[in-house]
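> Would you be able to build a 3D model of this:
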Amino acid sequence: MARSALTMTAAAFAATAALLLTACGGDGDDTSSDDIKGAETGTNSASPSASASEAADADRPDVSLPADLKLVFDFERPTDADAAAALEDAANYIRALDHGIAQQDPNDPAYQFYSTGGAEKYAKSQIEAWVKDGWTVTGDDRYFDASIDPVGEGKSLLVTFCRNQAKFYSKKVKTGKVNYTEENLDSYQRFSLLMSPSEASAAVWQARQIEVQGRVKECKG
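Here you go, the predicted model:
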C-alpha cells in the first residue's frame, strides 16, 4: 500500500481552527507508551493543567502495538503542564491510529478517545483504507522536532512535529509479506494537530483538527 495522508492547506487548516475555536468558545513495539523527554517548548499558557494523578486516573484505552511495530517519539518534555499534556496525547493519538490499523478496526475506541472532529474523521479514513486493502503496519516510525504554540485566547494548542517513516512499512495481513520501500523525500512529513482538553476529562487532550504535509525537506535535515 502506498503511504497516504489526508492533507489540508495551511490556510484551510487555520480557517478550520478559527471556526472550531469560535464554536467551542475558545476552549475546549511495545505495549507501554513512549516517554517524552524534558525541556521547554514555545508556549506560555498560564492555565494549570490537570495534575499527573488526574491524568493517571483517566480511563484511557489500550493503545498497545504489535511487537514488530515500534513508534519513537523523540520529543523534549515541555516545562508547561498544559503543553506537556497536549504533546503526550498528540503522541497517543498517533499510537491510537496505528492501534486501529493493527486491530483492523475502523471503529476502534482508542482513536475516538484521543480525537474528535476532523482529526477523528482522518483517523477513521486512514484505518478504513488500510483495512480495505488488506494491509497492516510494521517497522519503525519516528516522530521528532516538536513545537507547541497557543491558538486563540482559549486553552487550545497547536502541536507540530516531523515524521521519518523511512523504516515504516505496510504488511499483508493474510500472508505477512512486507512491502519494503526505499528512503526518499516521501519518507518525511510534518504533522500539525490542534489539541484541546476533552469535554469528558480535563486530564485528556484531544486532537480536533489535523494537517499532514508530505515531502517536507526541512524534516529530512
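> how close does Ala58 sit to Thr181?
37 Å (Cβ to Cβ, to the nearest Å). (C-beta placed from N, C-alpha, C; glycine too.)
> Same question for Tyr122.
Distance, Tyr122 to Thr181, by Cβ to Cβ: 22 Å.
> what about the two, which has more around it?
Higher neighbour count among Tyr122 and Thr181: Tyr122, with 24 against 17, using other Cβ atoms under 10 Å.
> just checking, that one touches Ile210?
Yes: contact criterion Cβ atoms under 8 Å: Tyr122 and Ile210 qualify, at 5.0 Å.
> The single longest helix found in the chain - contacts with which helices or strands?
In the chain, taking DSSP state H as the definition, the longest helix is helix 81-103. If you count contacts as 3 or more Cβ pairs under 8 Å, 6 or more residues apart in numbering; DSSP states H and E, helix 81-103 packs onto strand 69-74, helix 109-113, helix 117-132, strand 135-150, strand 157-164, strand 188-197, strand 205-214.
> could you dump these to TSV with mean pLDDT?
Formatted as TSV, these follow (pLDDT from 0 to 100):
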stretch	mean pLDDT
strand 69-74	98
helix 109-113	98
helix 117-132	98
strand 135-150	98
strand 157-164	98
strand 188-197	98
strand 205-214	98
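> Which of those sits closest to Gly100?
helix 117-132 (4.2 Å; Cβ to Cβ).
> In contact with the residue nearest the centre of the chain, which residues?
Geometric centre of the chain, nearest residue: Ile94, 3.5 Å, by Cα atoms, centre = their mean. Going by Cβ atoms under 8 Å, 6 or more residues apart in numbering, Ile94 touches Leu71, Phe73, Tyr143, Phe191.
> so which pair among those residues is furthest apart in space?
Using Cβ to Cβ, those span at most 12.8 Å, a distance reached by Leu71 and Phe191.
> What residues of stretch 59-70 count as buried?
For stretch 59-70, the neighbour count (16 or more other Cβ atoms under 10 Å) marks Arg60, Val63, Ser64, Leu65, Pro66, Asp68, Leu69, Lys70 as buried.
> Same check on stretch 117-132?
In stretch 117-132, counting by 16+ other Cβ under 10 Å, buried: Gly117, Gly118, Ala119, Glu120, Tyr122, Ala123, Lys124, Gln126, Ile127, Ala129, Trp130, Val131.
> From the chain's centroid, how far away is it?
13 Å (Cα atoms, centre = their mean, to the nearest Å).
> How about stretch 120-140?
On Cα atoms, centre = their mean, the centre of stretch 120-140 falls 14 Å from that of its chain.
> try stretch 153-160
The answer for stretch 153-160 is 14 Å, by Cα atoms, centre = their mean.
> Could you do stretch 67-79 as well?
Its chain's C-alpha centre and that of stretch 67-79 lie 11 Å apart, by Cα atoms, centre = their mean.
> Regarding it, how distant is the last residue from the first?
Chord length of stretch 67-79, first to last residue, is 32 Å (Cα to Cα, to the nearest Å).
> Thr116 and Ile210 touch, don't they?
No: in this structure, Thr116 is not within contact of Ile210 by Cβ under 8 Å, at 11.2 Å.
> So those two - more neighbours on which side?
Ile210 (26 against 18).
> ok, and the closest non-adjacent residue to the more buried one?
Leaving aside its sequence neighbours, Ile210 sits nearest to Ala119 (Cβ to Cβ, 6 or more residues apart in numbering; 4.5 Å).
> Contact partners for the closest residue to Ala123 other than its chain neighbours?
Nearest non-adjacent residue to Ala123, counting by Cβ to Cβ, 6+ apart: Tyr111, 4.0 Å away. Residues near Tyr111 by Cβ under 8 Å, 6+ apart: Tyr93, Ala96, Leu97, His99, Gly100, Glu120, Ala123, Lys124, Ile127.
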